[in-house]
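Participant: Sequence plus the predicted model coming up.
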Amino acid sequence: MNSAPFNRSISAQHRAIDLADWNNVYVVGDVHGCRKTLDRLIEKLAPSDDDLLVFVGDLVRRGPDSHGVVELVRSSDNMLSVRGNNEEKLLRGRRVAPDLTEADLRWLFSLPVAITWENALVVHGGIDPRKPLGEHTVDDLQNMESLGDDGRPFWWERYSGDDRVFFGHTVLERPFVEDAAVGLDTGCVYGGALTAYDVRRDRTIRVEPARAHKERPPEKFVRPMLATPK
């Protein structure tokens, strides 16, 4: 990355990867315990052992099978994830997920809060373009969304850094795909799509869930203002 270094607390929870080690690379949006939909997405991607899937966090909660999602990702050598705010809530004791085992929770605790490769950053929530990366906290990276008290602008509507930021957290009507940022939470658990971004081919791949597991009014899905559909 060309950005200033992470602060000490984040540096210990950061994983750098080399894309040259992998053929195809996909970044996947918030799964939220929707194992069957994730299985359908993986079937559509048809990754080989030499292809990498990177998740933007929030693998768990709200959907019906958090354990199934965690079991799949943690047992796969070609799958990585950052720790989202929903994983953090479990680890801090603010929420519970009865279907998760102690082994699941230990693995969630081991996840980084940032994954990087050359000129790219994967976090769950985002970054604050008003301050250097080295001043960000774990909570910033997991929960960043709006820069204003009234809900707008979103950080990714003002960010123009050199490093492309892949993120989830904000539930979008459709993917946000720009040179500076890529937003991939398209509300799978609410009946929206589960979206992956194909890094090599610069395109999105989506699958629709069989049903919504949580209700969310259509007006609560954010319509990206600057996104280029791909």
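Facilitator: Perfect, thanks for sending it. Residues are numbered from 1 along each chain as shown.
Participant: Going by C-alpha atoms from here, please, whenever you check contacts or count neighbours.
Facilitator: Noted.
Participant: which residues touch the most centrally placed residue in the chain?
Facilitator: Nearest to the geometric centre of the chain sits residue 56, at 1.6 Å (CA atoms, centre = their mean). Shown in contact with residue 56 (CA atoms under 8 Å, 6 or more residues apart in numbering): 27-30, 81-84, 122-124, 166-168.
Participant: now residue 168, nearest residue through space, not along the chain?
Facilitator: residue 185 (4.6 Å; CA to CA, 6 or more residues apart in numbering).
Participant: Would you mind giving me the confidence score for that neighbour?
Facilitator: Residue 185 is assigned 98 on the pLDDT scale.
Participant: Where do the helices of this protein begin and end?
Facilitator: Using DSSP state H, the helices of the chain run over residues 8-11, 35-45, 66-74, 85-91, 102-110, 138-143.
Participant: Need these in a markdown table (columns: mean pLDDT).
Facilitator: Listed next are these as a markdown table, based on pLDDT from 0 to 100:
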| stretch | mean pLDDT |
| --- | --- |
| helix 8-11 | 88 |
| helix 35-45 | 98 |
| helix 66-74 | 97 |
| helix 85-91 | 94 |
| helix 102-110 | 94 |
| helix 138-143 | 96 |
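Participant: thought the residue nearest to residue 168 was touching residue 176?
Facilitator: No - counting by CA atoms under 8 Å, residue 185 does not reach residue 176; the two are 9.1 Å apart.
Participant: which of those two has more neighbours?
Facilitator: residue 185 (31 against 25; other CA atoms under 10 Å).
Participant: Return the residues in contact with the more buried one.
Facilitator: Contacts of residue 185 (CA under 8 Å, 6+ apart): 29, 30, 167, 168, 169, 170, 171, 172, 175, 194, 195.
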